[in-house]
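**Q** need the 3D shape of this:
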Amino acid sequence: MEQIVRINPADIPAEVYDMGCRILSKSIRSFFADSKNRRGYEEWMKTPEGQRADLSREERKKYDAEHARSTS
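**A** Numbers count the residues shown, from 1 in each chain. Down below sits the predicted model:
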């Protein structure tokens, strides 16, 4: 049986957040340092999925609501 673990972000110490952010930042920079990955990302950003991913949460809700009406 699958167990869902819920973590309250407020319970995570600041130094743990900082460490996670440094690791994530290094990984992102390393990924985009490869020109093939950067080109792939730039091409993906031109797709409808990529354009939707670039929206804020509020913009995505509006986009989804508008497109749900047009497809139904």
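**Q** can you give me the helices in the chain?
**A** Along the chain, counting by DSSP state H, helices occupy 14-33, 35-45, 48-53, 57-71.
**Q** packing partners of the longest one?
**A** Read that as helix 14-33. helix 35-45 (3 or more CB pairs under 8 Å, 6 or more residues apart in numbering; DSSP states H and E). Every C-beta, even on glycine, is put in place using the N, C-alpha and C of the backbone.
**Q** could you say what helices and strands the helix it packs on packs with?
**A** Counting contacts by 3+ CB pairs under 8 Å, 6+ apart, helix 35-45 is packed against helix 14-33, helix 48-53.
**Q** same for the shortest one, what does it pack against?
**A** Here helix 48-53 touches helix 35-45, going by 3+ CB pairs under 8 Å, 6+ apart.
**Q** make a markdown table out of the helices of the chain and add mean neighbour count.
**A** Listed next are the helices of the chain as a markdown table, based on neighbours: other CB atoms under 10 Å:
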| stretch | mean neighbour count |
| --- | --- |
| helix 14-33 | 10 |
| helix 35-45 | 11 |
| helix 48-53 | 11 |
| helix 57-71 | 10 |
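**Q** including mean pLDDT and distance to M1, could those go into CSV?
**A** Shown next, in CSV, are the helices of the chain (pLDDT from 0 to 100; distance: least, CB to CB, whole Å):
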stretch, mean pLDDT, distance to M1
helix 14-33, 96, 29
helix 35-45, 97, 36
helix 48-53, 93, 32
helix 57-71, 86, 31
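**Q** how about JSON lines for these, with distance to E2 added?
**A** Shown next, in JSON lines, are the helices of the chain (distance: least, CB to CB, whole Å):
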{"stretch": "helix 14-33", "distance to E2": "24"}
{"stretch": "helix 35-45", "distance to E2": "30"}
{"stretch": "helix 48-53", "distance to E2": "27"}
{"stretch": "helix 57-71", "distance to E2": "26"}
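**Q** figure out which of those helices is closest to I7.
**A** helix 14-33 (11.0 Å; CB to CB).
**Q** quick one: that closest one to chain centroid distance?
**A** Put simply, helix 14-33 sits 14 Å off its chain's centre (CA atoms, centre = their mean, to the nearest Å).
**Q** and the residue nearest the centre of the protein?
**A** A53 (7.1 Å; CA atoms, centre = their mean).
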